[in-house]
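Engineer: sequence and predicted model, in that order:
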Amino acid sequence: MIKVILTDIEGTTSSIDFVHQTLFPYAKAHMRSFLRENADSEELQQQLFEIERIEQDALSLDAAADVLERWIAEDRKVTPLKALQGMIWRQGYEAGELKGHVYADTPEYLRQWHAQGLKLYVYSSGSVEAQKLIFGYTAYGDLTKLFSGYFDTRVGGKRDVASYQAIVKQIGVPASEVLFLSDVGEELDAARAAGMATVQLIRDAKAVSFPAHAQASDFSKIVVPA
Ligand SMILES: CSCCC(=O)C(=O)COP(=O)(O)O
Ligand SMILES: [Mg+2]
């Protein structure tokens, strides 16, 4: 019996275009000024240390900004980039310059599943901070109260079976009681290999169907296995 729904964000609850055409350009446009203005913050120093470790080189703030802009262009899912993006997006959401995109069916069914007693969790490459922001500042209000927890790349990559095994261990339920929702077939394959039930969201024509997984064009088409 499914007791937990674990959902991806980009391409699943929210549009790919919002992430790539709004959030990423916003982070790129504000990256250099954010690094300069927060150079002394311990949180930023920790991320800069991790960036230098990955690049295996000492970096000035400008050189670090160059690396980060390259990683954004490459859509790298590296934890320090995701952490910094979350910090920059917080400023944008709080200033009213960003609003978190969710599809119209997303709040309706998240609320319905929550009311049915299902526990809702998020697993995205976006940082936990970024996850709480996109759901906290939607046009439908603050949806964060519906979620029991959040997972990001600190638990592991989204195409790694071990990440889903770690998630179920932290949630404290058997994998068979978890339904994972995503648009990316390789993520669904990894979740299934860990024992989870899966549904692939096919929300736009660009999506690559992985027919081994149940398919749904939106949340209203998802049948939550009893
Ligand atoms: C939480 S909104 C920002 C999402 C993001 O930064 C990202 O890279 C999404 O990647 P995913 O692997 O979860 O599709
Ligand atoms: Mg996705």
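Structural biologist: It's in. Ligands and ions are numbered 1, 2, ... in the order given.

Engineer: so which elements touch the longest helix seen in the chain?
Structural biologist: Among the elements of the chain assigned as helix by DSSP state H, the one spanning the most residues is helix 79-94. Contact analysis of helix 79-94 by 3 or more Cβ pairs under 8 Å, 6 or more residues apart in numbering; DSSP states H and E lists helix 24-37, helix 42-55, helix 61-74, helix 128-136 as its packing neighbours. Backbone N, C-alpha and C define where each C-beta goes, glycine included.

Engineer: for these, which one sits closest to ligand 2?
Structural biologist: If you check each of the helices and strands packed on helix 79-94 against ligand 2 by Cβ to the ion, helix 128-136 wins as the nearest, at 12.2 Å.

Engineer: what sits against the residue in the chain positioned nearest to ligand 1?
Structural biologist: Minimum separation of the chain from ligand 1 (Cβ to the nearest ligand atom) falls at Gly126, amounting to 2.6 Å. Gly126 sits next to Ile9, Glu10, Val19, Lys82, Gln85, Gly86, Ile134, Asp152 when contact means Cβ atoms under 8 Å, 6 or more residues apart in numbering.

Engineer: ok, back up a step: out of the helices and strands packed on helix 79-94, which one sits most buried?
Structural biologist: Using mean count of other Cβ atoms under 10 Å, the stretch among the helices and strands packed on helix 79-94 with the largest mean neighbour count is helix 128-136, at a mean of 22.

Engineer: near ligand 1, which residues of this structure show up?
Structural biologist: When proximity is defined by Cβ under 6 Å from any ligand atom, the chain lies next to ligand 1 at 8-10, 19, 23, 77, 82, 85, 124-126, 130-131, 134, 158.

Engineer: of those, list those near ligand 2.
Structural biologist: Checking these against ligand 2 by Cβ under 5 Å from the ion, the ones in range are Asp8, Glu10.

Engineer: between the residues of the chain next to ligand 1, which sits nearest Leu35?
Structural biologist: Distances from Leu35 to these, taken as Cβ to Cβ, are shortest for Gln85 (12.4 Å).

Engineer: contacting residues around stretch 32-45?
Structural biologist: Among residues not part of stretch 32-45, those counted as contacts by Cβ under 8 Å, 6+ apart are Leu48, Leu61, Asp62, Ala64, Ala65, Ala83, Leu84, Met87, Ile88, Gln91.

Engineer: can we see that at 6 Å?
Structural biologist: Under the criterion Cβ atoms under 6 Å, 6 or more residues apart in numbering, residues Leu61, Ala65, Ile88 lie in contact with stretch 32-45.

Engineer: try stretch 209-225
Structural biologist: Under the contact criterion Cβ under 6 Å, 6+ apart, stretch 209-225 has outside partners Ile2, Asp105, Tyr109, Gly185, Leu188, Ala197, Thr198, Val199, Gln200, Leu201, Ile202.

Engineer: show me how far that stretch is from its chain's centre.
Structural biologist: Averaged C-alpha coordinates place stretch 209-225 at 19 Å from its chain's average position (Cα atoms, centre = their mean, to the nearest Å).

Engineer: repeat for stretch 170-189
Structural biologist: Mean-position distance between stretch 170-189 and its chain equals 14 Å (Cα atoms, centre = their mean).

Engineer: nothing else from me, thank you.
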